[in-house]
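Visitor: quick one, what's the 3D model for this:
(one chain, ligands or ions: 1)
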Amino acid sequence: MPTILVLHGPNLNLLGTREPDFYGTETLEEINGHLESLAAELGVDLMVRQSNHEGELVEAIQQARGVAEAIVINPAAYTHTSVAIRDALLAVGLPAVEVHLSNPHRREEFRHESLIADVVVGTVSGFGPVSYELALRAAAAIVRKELAP
Ligand code: DQA
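Guide: Okay, the predicted model is just below:
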């Protein structure tokens, strides 16, 4: 079965209690559980990682080469700052889907810029945990060649 890397960035380990008005009350463990069930339905394997450290996220992207066929990534705050994550995505060349629980464009101006938006296939944001499900569906469709990368 094809493998998809699901990568969660900083502070997403605190989901459930972190700013529930923006991020809801589901924990990361619950979100990952729903993604695992959906992955089984879609016929893909998941590799799920969360890190609060930029370098670890870069390494997870690098290690996906030869292992995963697509990446679903919520770089969290690094979305707006990390040239290193952008460069890692470019370096491995795997199709990636950017995901956000909140809609950054409805929030502070510094969240309006994503440094990865133009190197991913597409972005899903604003739908809470459903954003992840839609992103996984898109990644699975890309892997199955039903969607162009
Ligand atoms: C986020 C949006 C980012 O601006 C923020 O820094 C996060 C989470 C989201 O999922 O809505 O940590 O990526």
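Visitor: rest of the way, CA atoms for contacts and neighbours
Guide: OK.
Visitor: what residue ranges in the protein score low on pLDDT?
Guide: Low-confidence segments of the chain (pLDDT under 70): none present.
Visitor: what about 90?
Guide: Filtered on pLDDT under 90, the chain yields the residue ranges 18-19, 21-22, 24, 148-149.
Visitor: the helices in it, which residues?
Guide: Using DSSP state H, the helices of the chain run over 20-23, 28-42, 54-63, 83-92, 129-143.
Visitor: for residue 12, which of those is the nearest?
Guide: Using Cα to Cα as the measure, helix 28-42 is the one of the helices of the chain that comes nearest residue 12, at 6.7 Å.
Visitor: out of the helices of the chain, nearest to residue 114?
Guide: Taking those one by one with Cα to Cα, helix 83-92 is closest: 9.6 Å.
Visitor: ok, the residue nearest to residue 12 when sequence neighbours are not counted - contacts?
Guide: For residue 12, ignoring the flanking residues on the chain, the nearest one in space by Cα to Cα, 6 or more residues apart in numbering is residue 28 at 6.7 Å. Residue 28 makes contact with 12, 13, 14, 15, 16, according to Cα atoms under 8 Å, 6 or more residues apart in numbering.
Visitor: against the ligand, how distant is the spatially most central residue of the chain?
Guide: Nearest residue to the geometric centre of the chain (Cα atoms, centre = their mean): residue 73, 1.9 Å. Applying Cα to the nearest ligand atom, to the nearest Å, the value for residue 73 to the ligand is 9 Å.
Visitor: that residue pairs with what?
Guide: residue 7, residue 98 (DSSP bridges).
Visitor: so what's it up against?
Guide: Counted by Cα under 8 Å, 6+ apart, residue 73 has contacts 6, 7, 8, 9, 96, 97, 98, 99.
Visitor: thought residue 6 was touching residue 71?
Guide: Yes. The pair residue 6 / residue 71 is scored as a contact, 5.9 Å apart, by Cα atoms under 8 Å.
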